[in-house]
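Engineer: sequence below, structure please.
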Amino acid sequence: MTTSSSLTVVVLQLVLSGMMFLPEVVRQPDDDTPSDSDFHRDFVCPHGFPAPAMLDPGDDITHVHPAHFRYVAAMGDSITAGFASKTLPLEFRGFSFSGGMGGANQHTLEWFLSHYGSKQKQGGAVGQHLPHTVDSPNPYKYSENDHLNVAVSSASSRDYPMQLERLQNQSLTLGDDGSEWMVVTIFFGANDNLRTTLQLRNTARTRIHCGSV
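Structural biologist: Down below sits the predicted model:
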């Protein structure tokens, strides 16, 4: 995949369960009811894990290491937008698992990657704002702090081109020379399933109605 800013982009269509590079968070084994601080006090890898990063992987993706990533981007629907991640019906973009900046109390992809290498990770959204949907006149009206999280609530896979164009435009603001790696999480599907279910239900109702005439 190529962006207009010539960034090298890795597309990961997955949730990061079982990702081989994720280190372990150390707990206190004797605590019956560990506090939140117990889970976030240390971030320690076992000896020899993960494997050290090559100094320069070039354009060979098989040698890319978490330390090589500079930018974190995300495309998707309200899940990626962080809608209602807390108690209010807002988009808590900073809490998005794939597109938020995160922190010690909210583990996101950018937060995990920030523990590898010396490169400062960029692209994760911060803060929260009112939601906008794909039917809004401007789905990105409140997106000044969304950065490379271009997800839109209510989006389905058919909205991928719109979000890709937005990501390309946002990438132009990075001032990158094309030598840095970007990881992009693409997470659509929930609204595709909902639309299919509604179509099947409406089709079934029509058949029942016609059969009863």
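
Engineer: pLDDT score assigned to G76?
Structural biologist: Among the per-residue scores, G76 shows a pLDDT of 97.

Engineer: now it: how far from D177?
Structural biologist: When CB to CB, to the nearest Å is the yardstick, G76 and D177 sit 28 Å from each other. (C-beta placed from N, C-alpha, C; glycine too.)

Engineer: the more surrounded of those two?
Structural biologist: G76 (28 against 9; other CB atoms under 10 Å).

Engineer: need the contact list for the more buried one.
Structural biologist: G76 makes contact with S98, G99, A151, A155, Q163, T185, I186, F187, F188, according to CB atoms under 8 Å, 6 or more residues apart in numbering.

Engineer: ok, 7 Å please
Structural biologist: Neighbour list for G76: A151, A155, I186, F187, F188 [criterion: CB atoms under 7 Å, 6 or more residues apart in numbering].

Engineer: which strands and helices sit next to the helix or strand where the third one lies?
Structural biologist: Same thing as I186. Element membership for I186, per DSSP states H and E: strand 181-187. Contacts of strand 181-187 with other secondary structure elements, assessed using 3 or more CB pairs under 7 Å, 6 or more residues apart in numbering; DSSP states H and E, are made with strand 8-12, strand 69-76.

Engineer: parallel or antiparallel, list what pairs with that strand.
Structural biologist: Strand 181-187 has the following sheet partners, assigned by DSSP bridges: strand 8-12 (parallel), strand 69-76 (parallel).
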